[in-house]
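Quick one: sequence and predicted model below, then my questions.
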Amino acid sequence: MRLSILTLNPGYFPGALDEGMIRIARQKGLLEVSVVAIRDFTTDRYGTTDDYPYGGGAGMVMKVEPIARAFESARRAAGPGAPHVLVTSPQGRRFTQAWARDLAREPSIAILCGRYRGIDERVIPILGAEEISIGDYVLSGGEPAALVIVDALARLLPGVLGDAESAEADSFSEPLLDAPVYTRPEECEGHRVPEVLLSGNHERIRLWRRREALRRTWNRRPDLLEGRELSDEDKRLLKEIKGEVAR
Ligand code: 9D3
């Protein structure tokens with residue numbers, strides 16, 4: 001995948017793009033990222049990227065022309081084919097795992113990071129972009145949203161994860177929260193690892209994990225269980241959980 005990130009804050013990205021799963025995807029040649037500084041595409045001596053909103057009001061608006069030129073440069077550098085263009089915005093459609101799966105199949109993506117009061121609306125039709133939000137909380141700009149999107153995509157690119165991890169990752173298409181996990185030592189400041197996990201009884205362990213996953217999902221994210229087809233085993237476990245006092 002070819003990815004261009006267009007931003008007024010290019011310094012935000014080195015570091016984050018050089019760690020973890022994104023670094024691995026880049027090292028394997030499965031992801032090629034370029035960060036494009038919109039300010040490099042201004043033409044006046046002050047490097048003006050924003051201006052006052054028509055109609056008045058507080059805050060500045062990102063101008064069209066520097067963005068259009070930055071995009072044209074990124075598109076040329078990316079080679080043939082039009083990229084799928086995303087603009088980060090609080091007004092965007094909510095980013096989900098299903099959308100991430102669709103985007104991970106694109107050969108080329110450009111993400112334009114919004115700042116200030118927003119971007120001149122004409123950028124959307126000019127770039128053929130769609131707006132994307134990562135959730136209902138207020139950020140000060142689109143850069144962290146772009147990183148969230150890149151991280152979610154990088155781990156979905158074929159070949160980034162090992163087979164075992166990929167199979168497990170698929171189980172988010174079956175969205176239950178995870179059961180708790182533990183590692184050594186067996187006791188920490190009086191807190192013991194649940195006995196069942198030390199038992200070596202794989203069937204008991206599987207059932208315990210399934211029960212705890214259902215319990216947490218029921219307690220913390222009941223929305224994930226709504227309208228969901230459950231196996232007979234899950235129904236039985238969930239009935240047990242609902243019969244217990246909350247814990
Ligand atoms: C709808 C909020 N606006 C009301 C006046 C103000 C405003 C808040 C935050 C305008 C811009 C921003 C900056 N946020 C983003 O650029 C952003 C964002 C977010 O704030 N939350 C979740 N996803 C995203 S994607 C881009």
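In hand now; what should we look at? What you are looking at is a predicted structure, and each value in this text was computed from that prediction instead of being measured. Numbers count the residues shown, from 1 in each chain.

make it CA atoms for all contacts and neighbour counts henceforth
Fine.

L31: what's it in contact with?
1-3, 22, 25, 154 (C-alpha atoms under 8 Å, 6 or more residues apart in numbering).

Please report the confidence value the model assigns to it.
We note a pLDDT of 98 for L31 in this prediction.

cool, and the one 10 residues further on?
The predicted local distance difference test score for F41 is 98.

What degree of burial does it show, as a neighbour count?
19 (other C-alpha atoms under 10 Å).

State the distance from it to A70.
Distance of F41 to A70, computed by C-alpha to C-alpha, to the nearest Å: 6 Å.

Return whichever helix in the chain runs longest as PDB; C-alpha atoms alone will do.
For the chain, the longest helix by residue count, based on DSSP state H, is helix 202-220. Provided in PDB are the C-alpha atoms of helix 202-220 (Å, rounded to 0.1, in the frame of the first residue of the first chain):
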ATOM      1  CA  HIS A 202      -7.200 -27.200  28.100                       C
ATOM      2  CA  GLU A 203     -10.900 -27.700  27.900                       C
ATOM      3  CA  ARG A 204     -11.500 -26.100  31.300                       C
ATOM      4  CA  ILE A 205      -9.200 -23.200  30.200                       C
ATOM      5  CA  ARG A 206     -11.100 -22.700  26.900                       C
ATOM      6  CA  LEU A 207     -14.500 -22.600  28.800                       C
ATOM      7  CA  TRP A 208     -13.200 -20.200  31.400                       C
ATOM      8  CA  ARG A 209     -11.800 -17.800  28.800                       C
ATOM      9  CA  ARG A 210     -15.000 -17.900  26.900                       C
ATOM     10  CA  ARG A 211     -17.100 -17.300  30.000                       C
ATOM     11  CA  GLU A 212     -14.800 -14.300  31.100                       C
ATOM     12  CA  ALA A 213     -15.000 -12.900  27.500                       C
ATOM     13  CA  LEU A 214     -18.800 -13.000  27.600                       C
ATOM     14  CA  ARG A 215     -18.900 -11.700  31.200                       C
ATOM     15  CA  ARG A 216     -16.800  -8.600  30.300                       C
ATOM     16  CA  THR A 217     -18.700  -8.000  27.100                       C
ATOM     17  CA  TRP A 218     -22.000  -8.300  29.000                       C
ATOM     18  CA  ASN A 219     -20.800  -6.000  31.800                       C
ATOM     19  CA  ARG A 220     -18.900  -3.400  29.800                       C
END
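
Show the average pLDDT along it.
On average, helix 202-220 scores 98.

The helix or strand just after it - what's its average pLDDT?
Going down the chain from helix 202-220, the next helix or strand is helix 232-243, by DSSP states H and E. Mean per-residue pLDDT for helix 232-243: 97.
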